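Engineer: here is a sequence with its predicted model. Questions after.
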Amino acid sequence: MTTPENAYQELASVFSSRGNQILEIETISSTLGSPFLQDGLFVGVTKKMLVLAYTVARKLFIERLLPMSDDDFLMDSSQTEAQCTAVSNRVITETMLLFDCEHLNACNWRKRWLLAAVTRCAKTNTPDQIATTRQVLETELTLLKTYQCSPLHRHTKSPTLWMHRLWVLKQMFQIQPWSVQDLLDLQQEELTVVLRAAELHPKNYYAFSYMRKLYTLLVETGDVAERSDWAIRLAKCLIDPMRDWCLAHPRDISGWIFVVYLLERVPEQHIQTEVVRKVVLFARDIGWEGESLWTFVDQTVREFDLESILDRLLSSGISESGSSALVEDQGTLKPLPWQARLDRAKTYWAMNRKKQ
């Protein structure tokens, strides 16, 4: 029978040996015969084992970590991997957050530990110290990715973890300047994390809220001459992958609303028109009736004055080849709710079925 100490040591060993790798952790059924399974970077653990490990980690947290002073944090964060004990202080909070992703004390302890490393880096400001501190922060991001991209019940939508991730990135921007290309690459990497979390937990409001905050942070961080042009460039880089993801997950209203958010930051109407055109063509050609997609169509058509585009694409008897060329404007529609947009599409489908 698994004891609390054995359960904690098992999970602590996984986190201690993780390095900078990203794990995929999943809760498994106790009927499998073992409370803990591991195959490389894939880890399975039962809920009972998580509870047992958490009880030990929480006790260690109260006894060892809560009394730590600022000097203790500076000393602990300066230790190399070789100097760390078999089970380091960081592993205690990592185990706690695996069980309870909203544990603010554990998350705030990690902030204090990371802030001590950043403070020491600011004082010395040597290339080696900067590289070491950046590595520590990147390791924190891979830990968060382990939580947020694993099929766990709450971690993919945890506001505490998403805000902690944003805080870590802010610290990374402070220790050294980033090039424009590095910021663009980072934005794409973070979008990958967000989309994976959104697949694991559909309609993930917290993940896309994080992406909005990250976008604002990157706009303010970029060392560019014209801030408005930089903001437009960042938004443009996200529009196509977000549109494609939403077309693959057309029921996800949070994703569609984030696309609206991006289109609002791009002044070129031809980009707005092309996105709406492709979405309407997708819905029109496969007969999609879901509310989320048509809500997106209704909002973008109203906001960007694209009534004529919708009229052309859903007018019965008009053949659309899929190119960007459109027929002559046949009049402007009055603003309609999303249900009326869908009714318009249903009329189009009915007319074309009769012709066939």
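Structural biologist: All right, it came through fine. Numbering: from 1, shown residues only.
Engineer: which of the residues in stretch 197-206 are classified as buried?
Structural biologist: 197, 198, 199, 200, 201, 203, 204, 206 (16 or more other C-beta atoms under 10 Å). Any C-beta I mention is one placed from the backbone N, CA and C, and that applies to glycine too.
Engineer: sort out for me which of those residues are in helices.
Structural biologist: 197, 198, 199, 200, 206 (DSSP state H).
Engineer: in CSV, list these along with distance to residue 161.
Structural biologist: Listed next are those as CSV, based on distance: C-beta to C-beta, whole Å:
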residue, distance to residue 161
197, 10
198, 14
199, 17
200, 13
206, 9
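Engineer: which of the residues you listed sit farthest apart?
Structural biologist: Farthest apart among those by C-beta to C-beta are 199 and 206. That separation is 14.3 Å.
Engineer: need phi/psi at residue 36.
Structural biologist: phi -150, psi 130 (degrees, to the nearest 10).
Engineer: residue 220 too?
Structural biologist: Backbone torsions of residue 220, given as degrees, to the nearest 10, read phi -80, psi -20.
Engineer: gap between it and residue 291?
Structural biologist: 35 Å (C-beta to C-beta, to the nearest Å).
Engineer: cool, residue 5 as well?
Structural biologist: 51 Å.
Engineer: can you check residue 112 too?
Structural biologist: For residue 112, the distance to residue 291 equals 45 Å [C-beta to C-beta].
Engineer: likewise for residue 305?
Structural biologist: Counting by C-beta to C-beta, the gap from residue 305 to residue 291 is 23 Å.
Engineer: buried residues in stretch 126-139?
Structural biologist: Residues of stretch 126-139 classed as buried by neighbour count (16+ other C-beta under 10 Å): 129, 132, 133, 134, 136, 137, 139.
Engineer: again, but for stretch 159-177
Structural biologist: Buried residues in stretch 159-177, counted by 16+ other C-beta under 10 Å: 160, 161, 162, 164, 165, 166, 168, 169, 171, 172, 173, 175.
Engineer: ok now that stretch, how far from the chain's centre?
Structural biologist: The chain centroid and the centroid of stretch 159-177 are separated by 13 Å under C-alpha atoms, centre = their mean, to the nearest Å.
Engineer: any idea of the mean pLDDT in it?
Structural biologist: Stretch 159-177 shows a mean pLDDT of 96.
Engineer: stretch 46-59 too?
Structural biologist: 97.
Engineer: without its sequence neighbours, what residue ends up closest to residue 292?
Structural biologist: Among residues not flanking residue 292 along the chain, residue 253 sits closest, at 4.1 Å (C-beta to C-beta, 6 or more residues apart in numbering).
Engineer: if I look at that neighbour, how far off is residue 315?
Structural biologist: Remark: distance between residue 253 and residue 315 (C-beta to C-beta) = 27 Å.
Engineer: just the strands in the stretch 51-200 of the chain please.
Structural biologist: Read by DSSP state E, counting those that start in this stretch, the stretch 51-200 of the chain holds no strands at all.
Engineer: for it, which residues score under the pLDDT cut-off?
Structural biologist: By pLDDT under 70, the weakly predicted segments of the stretch 51-200 of the chain are 79-87.
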